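J.: the amino acid sequence is not available; the structure is as follows:
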């Protein structure tokens, strides 16, 4: 089913947040807000949303820790060579390796989680966008059924949109 | 300060460079060429081109390694630790400090390789299955170093790059020259949607939390290169905290050394204010005091332990052939920073610039004194002859390393927003017009 896209352009985050909040409460369509910076008002208007990135961090950290102990233990068993009169499996020095790999894999998995959750990289996108959204304007994009477009347009205008663009995608 | 103005001012720094910038770039390239020539000479004739003579077989290259790793630390402190503590003034200086961290680690990482007899075998440092059936020795602090530095470089580079993504999108949307396709690719298609910002916020917080233990761990691991040996002057449990404090101390000084000219060159006076410099200077004071305390503790423990070898090394350090370096170090690191207790000094850019350079010199000498004077005064008195003197090759490579570091920093500030626009906008409030580059207005809000 084809959807109508309406893009309202705002000069303040509070106005965009108000528009997004109204559209969300009235269930007029799927709302996406563009902002030049992290905007708490917009966050509050769109309701609580938990990022799954931290789960990736945790998995990466656990994997790194296990790998950080497994790698040195495997290598000393693969080529047993006593050095410094210490046991082959010397846990204290291996803690350093495990610690570093915990951080490294947690960081790498955090990046992967962020990219997956944010839908990046996406160098080509057909969704309506205005270059001013990375500077000093906020955008509220509504994807809705064509029969709800007028109501959505009205909400955007009431919230103080400078401009409302219309398009079918 | 409006969002438009923030964008105009900070993207304005990416315009075509002026004569001062190009002159600095030219001078840096000449010094770098000299360093590369010195390195090429050393690779051709062997490590004998350096001024090593037994027992001093670690010298300037390892000094440079420890120095540059240390320089890196304040970047992580400012970008990660101060972020977690919600010290919002960091916004103006965090990007430059993060970039400094990455370039300093890149510089530091060169020195263990330069120091190798056969540098082309540097990859033997990494554990990988090979036809020799050998693995690296995971009980060796040198291997811990490999893991610590690799992790630090990876995490700090990712932290810098991912923090840049929203600003790269702004550059993509506004800059119309040959760099636009590069910005487009590096921005990854960022559009600043609520979903992207939510995950970005989570990412940034998690990265800050992951980078924070690295501030403490990396230089601790570097210090164990020394402390795990039994050499008098090195074998000490105080080394890890002592090195970490010294690293932050030297890194903060380097941030000031870089920011003073950067602020003038890029006309960022409205964003990097005296308040920021004063806060950096305030951070220098406690780190200097910790370092001074560590120097005193080393001497006290050498005396109190009753260990004649340890005491001998420290007496030699303060009175022997390397004493001028030791006392210069004490003056630069312990005496000079005391002047920062005076507000008039903390708020004078000229004074801060001079003090920061003196601290850089002092901290470089600290590493030199620890490494060379300890090796030169080992257990065997028969070895206490001769004084280590660096050759022109070591001087060239050292100068080249500074050029390498400054080259990356210069290229960075002209091609990448050196202050985070998105954070600056967030701090200024939603198009509020509040002129608060110091972050004070926001802090007063509930």
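T.: Yep, that arrived. Here the structure is a predicted model, which means the values were calculated and not measured.

J.: what's the mean pLDDT across the strand or helix carrying residue A:56?
T.: Using DSSP states H and E, residue A:56 maps to helix A:53-78. For helix A:53-78, mean pLDDT rounds to 95.

J.: got the buried residues for the host helix or strand of residue B:43?
T.: Using DSSP H and E, residue B:43 sits in helix B:19-45. For helix B:19-45, burial by neighbour count (16 or more other Cβ atoms under 10 Å in any protein chain shown) applies to B:24, B:25, B:28, B:31, B:32, B:34, B:35, B:38, B:39, B:41, B:42. From N, CA and C alone the C-beta is placed, and that goes for glycine too.

J.: could you export those as JSON lines, including distance to chain A?
T.: Output for the buried residues of helix B:19-45, formatted as JSON lines (distance: Cβ to the nearest Cβ, whole Å):
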{"residue": "B:24", "distance to chain A": "30"}
{"residue": "B:25", "distance to chain A": "29"}
{"residue": "B:28", "distance to chain A": "31"}
{"residue": "B:31", "distance to chain A": "33"}
{"residue": "B:32", "distance to chain A": "30"}
{"residue": "B:34", "distance to chain A": "35"}
{"residue": "B:35", "distance to chain A": "30"}
{"residue": "B:38", "distance to chain A": "32"}
{"residue": "B:39", "distance to chain A": "28"}
{"residue": "B:41", "distance to chain A": "35"}
{"residue": "B:42", "distance to chain A": "30"}
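
J.: contacting residues for the residue lying closest to residue B:410 once chain neighbours are set aside?
T.: The shortest distance from residue B:410 to any non-neighbouring residue, by Cβ to Cβ, 6 or more residues apart in numbering or on different chains, is to residue B:25 (5.7 Å). Applying Cβ atoms under 8 Å, 6 or more residues apart in numbering or on different chains, we find residue B:25 in contact with B:17, B:407, B:410.

J.: nearest spatial neighbour of the first one, skipping sequence neighbours?
T.: Read that as residue B:17. residue B:414 (5.4 Å).

J.: let me see the confidence value for the one you found.
T.: 90.

J.: which SSE is it in?
T.: helix B:392-415.

J.: quick one: distance of that helix to the chain centre.
T.: 13 Å (Cα atoms, centre = their mean, to the nearest Å).

J.: kindly report the same for stretch B:168-186.
T.: With Cα atoms, centre = their mean, you get 29 Å for stretch B:168-186.

J.: gap between residue B:159 and chain A?
T.: 8 Å (Cβ to the nearest Cβ, to the nearest Å).

J.: my guess is that residue contacts residue B:209. True?
T.: No: judged on Cβ atoms under 8 Å, residue B:159 makes no contact with residue B:209 at a distance of 11.1 Å.

J.: what's the overlap in contacts for the two?
T.: residue B:80.

J.: output the lowest mean pLDDT helix or strand found in chain A.
T.: strand A:163-168 (a mean of 76; mean pLDDT, DSSP states H and E).

J.: flag every buried residue along the helix or strand in which residue B:204 is found.
T.: Using DSSP H and E, residue B:204 sits within helix B:194-227. Within helix B:194-227, the residues that count as buried by 16+ other Cβ under 10 Å are B:194-200, B:202-212, B:214-227.

J.: cool, stretch B:49-58 as well?
T.: Applying 16+ other Cβ under 10 Å to stretch B:49-58 flags B:49, B:50, B:51, B:52, B:55, B:56, B:58 as buried.

J.: first-to-last residue distance for that stretch?
T.: 14 Å (Cα to Cα, to the nearest Å).
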